[in-house]
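[1] Any chance you can model this:
(one chain, ligands or ions: 1)
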Amino acid sequence: MTRRTTALSAAVALAAALALTGCSSGDDGSSGDGKPKLEVSGAFMPQPVMDMAGGFLTIKNGSGAADKLTSVTSPLSDDITLHETKNQKMQQVKSFDIPANGEISLARGGNHIMFMELKNKPKQGEKVSIELHFEKSDPIKVDVPVEAPGHNPQQH
Ligand code: CU
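    Take a look at the predicted model:
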């Protein structure tokens, strides 16, 4: 009795060990550290006229892994949120999707970064440092140039 039970336990333990080995061996197909490759361009902030400001930029994703912009921090404000514009109304969203091998553009009249309760009013020609935080990628620091209040690179 005792001996048979022991042999059975040993067999179970062996099977479990084999299963573990099977799981951890081999290539799972991921490359590198598995993080999306993000590149930020075209950032600007129109010179604020009140104690709030919008931030605009483009994030390019050069990898096959999608990511999300989840938050933005800056010494300029403790109240920074992500906004989309729907039916000409702004509303807060939790994150912006950055598609694999694609890009997301934050632009006037559309998605933007919203800075509220500014601690100072940056002027045209100055730069505001911000940090973008993502779901997967490491944070990216960006020095955002302050442009004229009506600046809009989409208008030619
Ligand atoms: Cu807004």
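
[2] where in the chain is pLDDT low?
    1-34, 156 (pLDDT under 70).

[3] The same query, at a cut-off of 80, please.
    1-34, 155-156 (pLDDT under 80).

[4] what does it put close to the ion?
    Residues of the chain lying near the ion by Cβ under 5 Å from the ion: 83, 90, 114. Just so you know, the C-beta spots here come from the backbone N, C-alpha and C atoms, and that holds for glycine as well.

[5] Assess the claim that the second one and residue 83 are in contact.
    Yes. When contacts are counted by Cβ atoms under 8 Å, residue 90 is listed as touching residue 83 (4.5 Å).

[6] Looking only at neighbour counts, state which of these two leads.
    residue 83 (19 against 14; other Cβ atoms under 10 Å).

[7] Backbone dihedrals for the more buried one, please?
    Note on residue 83: its backbone torsions stand at phi -120, psi 140 [degrees, to the nearest 10].

[8] Specify the beta-bridge partners of it.
    Taking DSSP bridges as the rule, residue 83 bridges to residue 92, residue 112.

[9] so what's it up against?
    Residues near residue 83 by Cβ atoms under 8 Å, 6 or more residues apart in numbering: 90-93, 111-114.

[10] how about the strands in this structure?
    Remark: strands assigned in the chain by DSSP state E are 38-46, 53-61, 67-73, 79-86, 89-93, 96-98, 103-105, 112-116, 127-134, 140-147.

[11] List the contacts of the second one.
    Translated: strand 53-61. So strand 53-61 is contacted by 36-46, 67, 69, 72, 76, 98-108, 112-115, 118, 122, 128, 130, 132, 142, 144 (Cβ under 8 Å, 6+ apart).

[12] and which of the contacts of residue 83 is nearest residue 51?
    Nearest to residue 51 out of the contacts of residue 83 is residue 114 (Cβ to Cβ; 12.0 Å).

[13] still on that earlier bit, wait, which of the residues of the chain next to the ion is closest to residue 136?
    Of the residues of the chain next to the ion, the one sitting nearest to residue 136 (Cβ to Cβ) turns out to be residue 83, at 22.3 Å.

[14] re earlier: which residues do residue 90 and residue 83 both contact?
    112, 114.

[15] residues in contact with residue 71?
    With Cβ under 8 Å, 6+ apart, residue 71 has these contacts: 80, 82, 133.
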